[in-house]
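**Student:** Give me the fold of what follows.
(2 chains)
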Amino acid sequence: MSSDSVRVRFAPSPTGYLHVGGARTALYNWLFARHCGGKFILRIEDTDRTRYVPDSLPDLMAGLRWLGLYWDEGPEVGGDYGPYFQSDRLPFYQKYCDQLVAEGKAYRCYCTPERLDAMREEQRVNKQPPGYDRHCRFLTQKQIAEYEAEGCPWVVRLAIPTKGATEYDDLFRGHITVDNQQLDDLVLLKSDGFPTYHLANVIDDHLMGITHIMRGDEWLASVPKHVLLYQAFGWQVPVQAHLPTILDPSGKGKLSKRKKRIPGEPEMLTYVHEFKEAGYLPEALFNFLALVGWSYDGQTEYFNQSRLVEVFDLERVNKSPAAFSYEKLDHMNAEYIRSLGMNDLAGRMLQELLANGIKADLATVLDLEPLVRERMRTLKDLVPLVDTFFVDELDYDPQLLIGKKMDRESTLNMLAQAKACLSEVELFEEETIEEALRNQASVLDMGAGKFFAPIRVAVTGKTVSPPMFGTLKILGKERSLARLDAAYEKLSQS
RNA sequence: GCCGCAUUCGUCUAGGGGUCUAGGACAUCGCCCUCUCAAGGCGAAGAUCGGGGGUUCGAAUCCCCCAUGCGGUACCA
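**Tutor:** Here you go, the predicted structure:
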């Protein structure tokens, strides 16, 4: 196959928000398309009207775009193979379905939901394999006429061959054979006139010229049915490629679309927008997701987008399910944050602060940036690191000022010493501050760490903070001294 | 139940008959650096390659069986 004819699609249904599993599927399709110079198509499979979630579509598109997965054809973009919403393609499905019925490859089924339920119940009780009993497949012309005359609602089912086996190749799993006896006469067209996934998917993939179907593993079992459908239409079956499932961090189950809240465990993020809100960089998620089910050489793990496009190869996609490791993502995210350019990081920090109602300015953020860049796993870590810079008065327990093996008196004295010492510093720069404070510590014959501890608390309200000299410098002499004063006051009154 | 797929350190993986006394990464632990926390540097521990049979001079790598896990078995996708 010539590579420029590659056409792949991501075909979510608007029944929920963009999930990382879906994003990974989209990513692999996108990567493959870009690698081959092919087309990446977004198609919306909105055939289930009962599960439709109105704001899922904007979320889906925003999530894909946030990750940089722009589509060549689809909603808001257009293309020559539209419409790209299945709900706008009903006439196609009806037409092809009619054709199948006319050729005797599919048939109308008039069974009521009640009859189907009763049938399943009976199968369950008798421990028989579940499945449609093909009641309507062998109706006489007379019976059909009766049903039609009564205006009974009907669905269309595919007449699966009762003998033989269906075989196909999956790019990742190899050759798969399924006995046709295992297959059910699946519904193609629902009684509301909408197609099922199977019908719509097969018709659209064919009509849209899709060459490779790459999707989640949960579809693997329905491929034989699709193959039979392609054969019924006389169409060529696109290359099938089923991606391994993404497991939750325990490795015990599928990473659920619903949030599992395990007491004591951190919240499990599953939707792309949640990762965004939690302060992950899109480029980090992008890189991380690429590695869930694919590897380059077992050594290299960091790839930017263009490098990934260059190097991505379907042959190295894994076939076994992989647990989603939040710890590894965190590490990778931190790595990405650290590797950001100065202005880039500052820009993202500024956004994060603004989003949290902190009115910072770029100049200050630029000053802050070197103090915090190595201390953030996600952008969410920023606010607690720097919030003390943006308040007038610190609120903390004065007892925090008293360091280990220290008492109130000695701490008070240290605060006074620190203030006196800093007042003397003319040029309030990191180096001069450090020099003065270190001098003072040795004058007092104290370990530097011990002397700095109460100052840190006085100035930030916390025992853990960004580097102290830098903090003092950015705070400025006046505010720094005021905070030392305030600390002295607080402690002496406690 | 039936069908399908999967199975290498806790986790993600490298590995495609000998170079594997199984390599890398995250997490863990220790030491160093150090104003706290990080980051960084160095090092340690961690997998008899799910189990059992074969094939072969030789198997993590090929074949068979079993176990376990996951998925499917809808007028949901």
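
**Student:** When you work out contacts or count neighbours from here on, use the C-alpha atoms and nothing else.
**Tutor:** OK.

**Student:** Residues of the stretch 351-494 of chain A that sit close to RNA strand B?
**Tutor:** For the stretch 351-494 of chain A, the contact set with RNA strand B under CA under 7 Å from any atom of the strand comprises A:374-376, A:448-449, A:452-453, A:456, A:463-470.

**Student:** repeat that for 10 Å
**Tutor:** A:370-377, A:385, A:430-431, A:434, A:437-438, A:447-457, A:460, A:462-472 (CA under 10 Å from any atom of the strand).

**Student:** Going through those residues, which ones are buried?
**Tutor:** Buried members of those, counted by 16 or more other CA atoms under 10 Å: A:370-373, A:375-377, A:385, A:434, A:437-438, A:451-457, A:460, A:462, A:465-466, A:468-472.

**Student:** Okay, helices next: where are they in the stretch 1-150 of chain A?
**Tutor:** Applying DSSP state H, counting those that start in this stretch to the stretch 1-150 of chain A gives helices spanning A:20-36, A:56-66, A:90-102, A:113-125, A:141-150.

**Student:** Tell me which of those sits nearest to RNA strand B.
**Tutor:** Across these, RNA strand B has its closest neighbour in helix A:113-125 (5.0 Å, CA to the nearest atom of the strand).

**Student:** quick one: contacts of the closest one?
**Tutor:** Contact with helix A:113-125 is made by A:P129, A:P130, A:G131, A:Y132, A:D133, as judged by CA atoms under 8 Å, 6 or more residues apart in numbering.

**Student:** Give me the helix or strand of chain A that scores worst on average pLDDT.
**Tutor:** strand A:174-179 (a mean of 85; mean pLDDT, DSSP states H and E).

**Student:** Nearest residue to A:P54 in space, please, no chain neighbours.
**Tutor:** Counting by CA to CA, 6 or more residues apart in numbering, A:P54 lies nearest to A:P14, which is 7.4 Å off, once chain neighbours are set aside.

**Student:** Show the pLDDT at the one you found.
**Tutor:** We have a pLDDT of 94 for A:P14.

**Student:** that older thread, tell me the most buried of the helices of the stretch 1-150 of chain A?
**Tutor:** Most buried of the helices of the stretch 1-150 of chain A, by mean neighbour count (mean count of other CA atoms under 10 Å): helix A:20-36, with a mean of 24.

**Student:** Show the average pLDDT along that one.
**Tutor:** Rounded mean pLDDT across helix A:20-36 is 95.

**Student:** Where does A:A334 sit: helix, strand or coil?
**Tutor:** helix (DSSP: H, G, I helix; E, B strand; the rest coil).

**Student:** so who does it touch?
**Tutor:** A:E374, A:M376, A:R377, A:T378.

**Student:** let's go with 10 Å and repeat that
**Tutor:** A:Y280, A:L281, A:A284, A:K328, A:R373, A:E374, A:R375, A:M376, A:R377, A:T378, A:L379 (CA atoms under 10 Å, 6 or more residues apart in numbering).

**Student:** Then A:R134?
**Tutor:** Here A:R134 is in contact with A:C109, A:C111, A:R157, A:A159, A:I160, A:D184, A:D185 (criterion: CA under 10 Å, 6+ apart).

**Student:** ok, which pair from the residues you listed is furthest apart?
**Tutor:** With CA to CA as the measure, no two of these lie farther apart than A:C111 and A:I160, at 17.4 Å.

**Student:** Neighbour count: these two, which is higher?
**Tutor:** Using other CA atoms under 10 Å as the criterion, A:C111 and A:I160 rank with A:I160 on top: 20 against 16.

**Student:** Check the burial of the residue nearest to that one when sequence neighbours are not counted by counting its neighbours.
**Tutor:** Leaving aside its chain neighbours, A:I160 sits nearest to A:D185 (5.6 Å; criterion: CA to CA, 6+ apart). Counted with other CA under 10 Å, the neighbours of A:D185 add up to 20.

**Student:** Is it correct that A:D185 is in contact with A:R108?
**Tutor:** No: at 11.1 Å, A:D185 does not count as touching A:R108 under the criterion of CA atoms under 10 Å.

**Student:** Which neighbours do these two have in common?
**Tutor:** Counting by CA under 10 Å, 6+ apart, the common neighbours of A:D185 and A:R108 are A:R137, A:V156, A:R157, A:L158.

**Student:** if we look at RNA strand B, which of these are close to it?
**Tutor:** Within these, those near RNA strand B by CA under 10 Å from any atom of the strand are A:V156, A:R157.

**Student:** A:E167 is in what secondary structure piece?
**Tutor:** For A:E167, the host element (DSSP states H and E) is strand A:165-170.

**Student:** and that strand, what does it pack onto?
**Tutor:** The helices and strands touching strand A:165-170, judged by 3 or more CA pairs under 10 Å, 6 or more residues apart in numbering; DSSP states H and E, are strand A:174-179, helix A:223-233, strand A:239-243.

**Student:** What angle do helix A:223-233 and it make with each other?
**Tutor:** Interaxial angle of strand A:165-170 relative to helix A:223-233 (axes from the mean of the first three to the mean of the last three CA atoms, to 10 degrees): 110 degrees.

**Student:** which residues sit against the least confident helix or strand of chain A?
**Tutor:** Residues contacting strand A:174-179 (CA under 10 Å, 6+ apart): A:161-170, A:220-221, A:223-225, A:240-241.

**Student:** Please compute how far that strand lies from its chain's middle.
**Tutor:** Chain-centre distance of strand A:174-179: 32 Å, with CA atoms, centre = their mean, to the nearest Å.

**Student:** Compute the inter-axis angle for it and helix A:223-233.
**Tutor:** Using the same axes, to 10 degrees, strand A:174-179 lies at 80 degrees relative to helix A:223-233.
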